[in-house]
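Undergrad: Give me the fold of what follows.
(chains A and B, ligands or ions: 2)
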Amino acid sequence: MASVTLENVTRMYGAITAVDHVNLKIKSGEFVTLLGPSGCGKTTTLRMVAGLEKNTGGRISIGDNVVSDADKGYFVPSERRRLGMVFQSYAIWPHMTVFDNVAYPLRIRRRPDKEIQDRVMNALRLVEMEQYAERPSPALSGGQQQRVAIARALVFEPEVLLLDEPLSNLDARLRTQMGDEFRQLQQRLKITALYVTHDQSEAMALSDRVVVMHGGKILQVGAPEDIYRRPENRQVAAFFGTPNLLDAKVRDCRPNGGQYYKLDVEGQGWSGECHAASEMPKGADVTVMVRPENLQIRETGTVNGGLSWSGEISQAIFRGPHRSIMVKTPAQTLHVETPSLADVGIGRPVTVAAPSDAAWAVRN
Amino acid sequence: MTIIHNRSLDDINDTTPVLGGNAITRAFSGGSLTRLIGMLLLILILGFLTIYPLSMLLYGSLHSTPPGMAGEFNLNGYRSIMTTQNLIVLVNTVGISLAKTIPSLTIAVFLAWIVARTDTPFRGTLEVLITLPFFIPPILTAMAWGMLANPQVGVINMAWRWLTGAQDPLINIYSYGGVIWHMCQYSIPFLFLFMVDAFRAMDPSLEESSRMCGASRWTTFRKITLLLMLPVLTSSFMLSFIKGIETFESALFFGLPAGIKVITTDIYEAINHRATPDYQYATSLSFAIMGLMFLLVIAQWAILRGKSFQTVTGKGFRPNVMELGPWRWVTFAVCVLFFLVTVVLPVGQLLLGSFFRFFGFYTYDMLTLEHYRAVFSNSEFWRAVRNTMMLGLLGATATMALGAVVAYISVRTKWRGRSLIDGMAWLPWMMPGMVLGVGFLWAFAMLPGPIPIYGTIWALLLAYIALGTPVAVRVMTGSYHQLSYDLEECSRVHGASWLQTLWRILVALAWPAFAVGWVLTFFGIMRELSASILLYSVGSETLAVVLLKLWANGNAEQVSVIGLMMMLLVILFRWVQLRFIKARISKL
Ligand SMILES: Nc1ncnc2c1ncn2[C@@H]1O[C@H](COP(=O)(O)OP(=O)(O)OP(=O)(O)O)[C@@H](O)[C@H]1O
Ligand SMILES: [Mg+2]
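TA: Ligands and ions are numbered 1, 2, ... in the order given. Alright, predicted model coming up:
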């Protein structure tokens, strides 16, 4: 398995910049996900790595080899990049059986029949499809087609595995199951994988690192937990879930001994402590992000440490696993998620509190 | 002290990536040189097949003498076609085409509705039967109807006189009505083929929601179904109208004897029936009709532009089928009647004609097999069979190969020059066979001496390829459009080269369409008369030409025998097509 390096990779369609100076290094055996809203350039990036699209700027390397260098006019066509790819539509060839589909990459490379037989059956066993080998491929369900597509992508032991929203055609339950199975497989075989999705939870659950993209640019690269809990800017913060974003001013800033800085912030009618990635001058405008699941509802009263707001409950929605509660405070309405067991009374005055390590500030 | 994963590539220089291969493999990594040569070759071939005869047509229309002779350039040709007589010819041509298109479209819509949207019994079989006439060479049915409805000795009129004791014939096929009737026999199945899938593919929820809004079945049909079908209907109408203007056989057989002239027969007469063939007149007329066709095609394009067929191209649902109750036997009878009149009657006449000594005298003592013997011992017949088969096999293969390549380049690649290729391949679309024939007449005559195409069988082959290319491109374009790009790209990523992908994925998936197109082209060649009649010479006659010559000599009996042989061939090919190719398509 090989690493993948993108240096200043750019793709223009006429005047539109679909991908804008993307820099990314994927380590060998790493699972990296490209995540972002529709049209942000994920597919284009993936296709440039695959060699299905030429980058108009920058350089792409797989392992130690440059595969595309726009400035030097150098371009290695897809078929010589030794990749495996799973398409969103699966692209299972309808005129072949399951076996033939999976055997294709080997047959193209003129492997001996014995080896083809062994490796195809191994690949099919890996995805638990060996009993379907002789099926004509149109006679497969979506989930089975997806497994065949994965087996086909893995059979040649490619340098890198590319996947473009492979789970988006499946229903919710199957999506989770296939995702988890695929992650296990990836870790067992130590495959380098570049994965495209617009599903946040899928990206979190599967990846070693997530690349958040927007408008052709990378906003942030990091481990799922970092991206979720410690976003670099407001856009990334707003991208995941429905966080509470509060405007505030910095009153004090000091190192907290660990990796982060501890801030004292003050907003409209509230104040408290939170964390930030870098040092901030006093009086700076910041956005404080608090996720609904980290907020707690207490009886009115003072809270020590962390952050707190006082207000009254304006709305409560039962959602099954949890309850969404809107608390109206002088600053803004806060979204709080509580266990659905607890009962709430609309109009009741409450205090909303959050520990300081659950609140994260970014510069505006 | 930053904790967020760094976006700059600080470790990018761990290992310095290297460029693989050498300068030469790098320069050709796009395969640009071979591609350039291939494109040039293709442009050359298409240019020879379409642009060259077209420009020769213009050249010939300005040239005072027949092809290959010294002469001067003048406008006499165009002057000579500007006559009141030709105005009548033009009015005839347009009028006849309109007169056959309107009833044909009505009947075809009705038949398509019966087959696609009602519970009429045996719809699958009916569909095959209704479309069969389209595949029979028009010259066959023209001759059969010439015998059936001949005012003096036609079976229909004899039966009528015998039944009623009347003196006058019931129908005279040598009339406007005869010409139109014969054209309708081809327009109806053609339009049916063109529309039936649109009827079938219509999303029933569009109609159902109209019913839910309180509209009756009939209102729904008028306000929803018909309006949704309007784009298909319009394009069918235009297509059928254009084809009507190009038609040759009907007017040749039933128009000329009655003094009814249309443009194609006028061109034919100027070259074949005048004491001294007037090439300049014929060529000028050909060029003028092409102008007319060009306007029509532009009109078609303008009318259909922006009309979307989206609503009727969904799949995955069953169209709602109307339950007709006892009426379903009436609709069944309508379809069967259509088949009887357009196929059984003419084929029956051919059978009848082939077994009696003289056409028109059907008594027991006149029964004979001598016509079969005469035909089978006639070396000219066997030569024509050989020629037709060879032209058909070679022509259909070459046409489809060309069409497949052109369609591939224009649909699947972004190569420069692809629209030029597409446009050139489409040009013959507005050239009726007769016009293309005249163009090639000039084109071959003007070739430098050492290229001996003029007067050989290759002349016919090239003309057939040119005539068939637009349809071949269309068929292949449609089939490529249905294959998602992913299927090809997936193959590339998994190690197959462009050529390997073409062969193992695209060809493997598109061959059923190729085969359908092949059979269509083969039928087209077998029935072709208007270009053949201009370009054949002794030794390179096709079956259609031999038939026409025999007919002109009054040998209706041997015509019947040869006609039956061709009919057998048609049924055989159609059966193969339905049995093997359709089955293969539906499996995908
Ligand atoms: N062939 C093309 N020509 C012009 N613009 C294109 C082309 N392909 C993509 N684009 C544009 O490039 C941008 C990025 O497209 P891309 O397909 O990479 O988005 P994506 O992130 O994969 O979105 P989605 O989640 O919807 O698949 C879009 O704005 C799109 O309109
Ligand atoms: Mg995409």
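
Undergrad: quick one: low-confidence parts of chain A?
TA: Low-confidence segments of chain A (pLDDT under 70): A:302-303.

Undergrad: List the buried residues for the helix or strand that contains B:His371?
TA: Taking DSSP states H and E as the criterion, the element that holds B:His371 is helix B:370-376. Across helix B:370-376, burial judged by 16 or more other C-beta atoms under 10 Å in any protein chain shown covers B:371-372, B:375. Where you see a C-beta, it was placed from the backbone N, CA and C, and this is true even at glycine.

Undergrad: Of those, which is the nearest to A:Thr5?
TA: Closest approach to A:Thr5 among these (C-beta to C-beta): B:Val375, at 77.4 Å.

Undergrad: I figured that closest one was touching B:Val561, is that so?
TA: Yes: taking contacts as C-beta atoms under 8 Å, B:Val375 lies within contact range of B:Val561: 4.6 Å.

Undergrad: Domain ranges for chain B, per the record?
TA: Taking automatic domain parsing as the domain assignment, the record places the domains of chain B at B:87-278+B:324-341, B:354-588.

Undergrad: now the ones you listed in JSON lines, with distance to A:Leu162?
TA: As requested, the domains of chain B are arranged in JSON lines below (distance: least, C-beta to C-beta, whole Å):
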{"stretch": "domain B:87-278+B:324-341", "distance to A:Leu162": "35"}
{"stretch": "domain B:354-588", "distance to A:Leu162": "8"}
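
Undergrad: which one of the ones you listed lies closest to chain A?
TA: Chain A lies closest, by C-beta to the nearest C-beta, to one member of those: domain B:354-588, at 3.7 Å.

Undergrad: Give me the contacts around the helix or strand harbouring A:Gln117.
TA: Here A:Gln117 sits within helix A:113-126, counting by DSSP H and E. Applying C-beta atoms under 8 Å, 6 or more residues apart in numbering or on different chains, the external contacts of helix A:113-126 come out as A:98-99, A:102-103, A:106-107, A:111, A:130, A:132-133, A:148, A:151-152, A:154-155, A:185.

Undergrad: quick one: contacts for the nearest residue to B:Tyr408 once chain neighbours are set aside?
TA: Sequence neighbours aside, B:Tyr480 is the residue nearest to B:Tyr408 in space, at 6.5 Å (criterion: C-beta to C-beta, 6 or more residues apart in numbering or on different chains). Residues near B:Tyr480 by C-beta under 8 Å, 6+ apart: B:407-408, B:411-412, B:506, B:510.

Undergrad: PyMOL command to pick out the buried ones of these?
TA: To isolate the buried ones among these in PyMOL, judged by 16+ other C-beta under 10 Å, type:
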select buried, chain B and resi 407+408+411+412+506+510
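
Undergrad: returning to what we had before: now the buried residues of helix B:370-376 in JSON lines, with distance to A:Arg175 and pLDDT?
TA: Formatted as JSON lines, the buried residues of helix B:370-376 follow (distance: C-beta to C-beta, whole Å; pLDDT from 0 to 100):
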{"residue": "B:His371", "distance to A:Arg175": "74", "pLDDT": "81"}
{"residue": "B:Tyr372", "distance to A:Arg175": "71", "pLDDT": "84"}
{"residue": "B:Val375", "distance to A:Arg175": "70", "pLDDT": "81"}
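
Undergrad: between those, which is nearest B:Leu394?
TA: Using C-beta to C-beta, B:Val375 comes nearest to B:Leu394 of those, at 24.7 Å.

Undergrad: could you list every residue that touches the closest one?
TA: Listed by C-beta under 8 Å, 6+ apart, the contact partners of B:Val375 are B:381, B:558, B:561-562.

Undergrad: Then A:Leu162?
TA: Taking C-beta under 8 Å, 6+ apart, we find A:Leu162 in contact with A:46, A:49-50, A:83-86, A:153, A:193-195, B:493.

Undergrad: what about the strands in the stretch 101-250 of chain A?
TA: With strands called from DSSP state E, counting those that start in this stretch, the stretch 101-250 of chain A shows them at A:160-164, A:193-197, A:209-214, A:217-222, A:244-255.

Undergrad: again with the stretch 251-364 of chain A
TA: All strands of the stretch 251-364 of chain A, identified by DSSP E, counting those that start in this stretch, fall at A:261-267, A:270-276, A:285-290, A:296-299, A:307-318, A:322-328, A:333-339, A:349-354, A:359-363.

Undergrad: Save these as TSV, and put in distance to B:Pro67 and mean neighbour count too.
TA: TSV is the format used below for those (distance: least, C-beta to C-beta, whole Å; neighbours: other C-beta atoms under 10 Å in any protein chain shown):
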stretch	distance to B:Pro67	mean neighbour count
strand A:261-267	93	20
strand A:270-276	90	21
strand A:285-290	84	21
strand A:296-299	98	14
strand A:307-318	87	18
strand A:322-328	87	19
strand A:333-339	86	17
strand A:349-354	94	20
strand A:359-363	83	22
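
Undergrad: Which of the ones you listed sits closest to B:Trp329?
TA: strand A:307-318 (60.7 Å).

Undergrad: angle of the closest one against strand A:359-363?
TA: For strand A:307-318 against strand A:359-363, the angle by axes from the mean of the first three to the mean of the last three C-alpha atoms, to 10 degrees is 110 degrees.

Undergrad: what distance separates strand A:307-318 from the middle of the whole chain?
TA: Computed by C-alpha atoms, centre = their mean, to the nearest Å, the chain-centroid distance of strand A:307-318 equals 30 Å.

Undergrad: Listing partners with orientation, what would you give for it?
TA: Paired strands of strand A:307-318, with direction, are strand A:270-276 (antiparallel), strand A:322-328 (antiparallel), strand A:349-354 (antiparallel) (DSSP bridges).

Undergrad: can you put those strands in TSV and add distance to A:Gln315?
TA: Shown next, in TSV, are the strands paired with strand A:307-318 (distance: least, C-beta to C-beta, whole Å):
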stretch	distance to A:Gln315
strand A:270-276	20
strand A:322-328	4
strand A:349-354	13
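
Undergrad: can I get the contacts of B:Val375 in a markdown table with pLDDT, secondary structure and neighbour count?
TA: Formatted as a markdown table, these follow (pLDDT from 0 to 100; DSSP: H, G, I helix; E, B strand; the rest coil; neighbours: other C-beta atoms under 10 Å in any protein chain shown):
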| residue | pLDDT | secondary structure | neighbour count |
| --- | --- | --- | --- |
| B:Phe381 | 87 | helix | 21 |
| B:Gln558 | 85 | helix | 22 |
| B:Val561 | 89 | helix | 24 |
| B:Ile562 | 89 | helix | 25 |
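
Undergrad: of the residues you listed, closest to B:Ala299?
TA: Nearest member of these to B:Ala299, counting by C-beta to C-beta, is B:Ile562, at 39.9 Å.

Undergrad: ok, the closest one to B:Glu380 distance?
TA: In this view, B:Ile562 and B:Glu380 are 11 Å apart by C-beta to C-beta, to the nearest Å.

Undergrad: and for those two, which residues touch both?
TA: B:Val546.

Undergrad: Could you find the closest non-adjacent residue to the residue nearest the centre of chain B?
TA: The residue lying closest to the centre of chain B (C-alpha atoms, centre = their mean) is B:Gly524, at 6.1 Å. Closest residue to B:Gly524 apart from its sequence neighbours, by C-beta to C-beta, 6+ apart: B:Gly468 at 5.7 Å.

Undergrad: cool, and A:Lys217?
TA: A:Asp20 (4.9 Å).

Undergrad: where does chain B dip in pLDDT?
TA: When residues are selected by pLDDT under 70, those of chain B lie in B:1-31, B:68, B:203-206, B:208-214, B:304-320, B:360-362, B:449-451, B:581-588.

Undergrad: Tell me which residue in it sits closest to ligand 1.
TA: Relative to ligand 1, the nearest point of chain B is B:Lys414 (9.4 Å; C-beta to the nearest ligand atom).

Undergrad: Neighbours of that residue, how many?
TA: Neighbour count of B:Lys414, defined by other C-beta atoms under 10 Å in any protein chain shown: 6.
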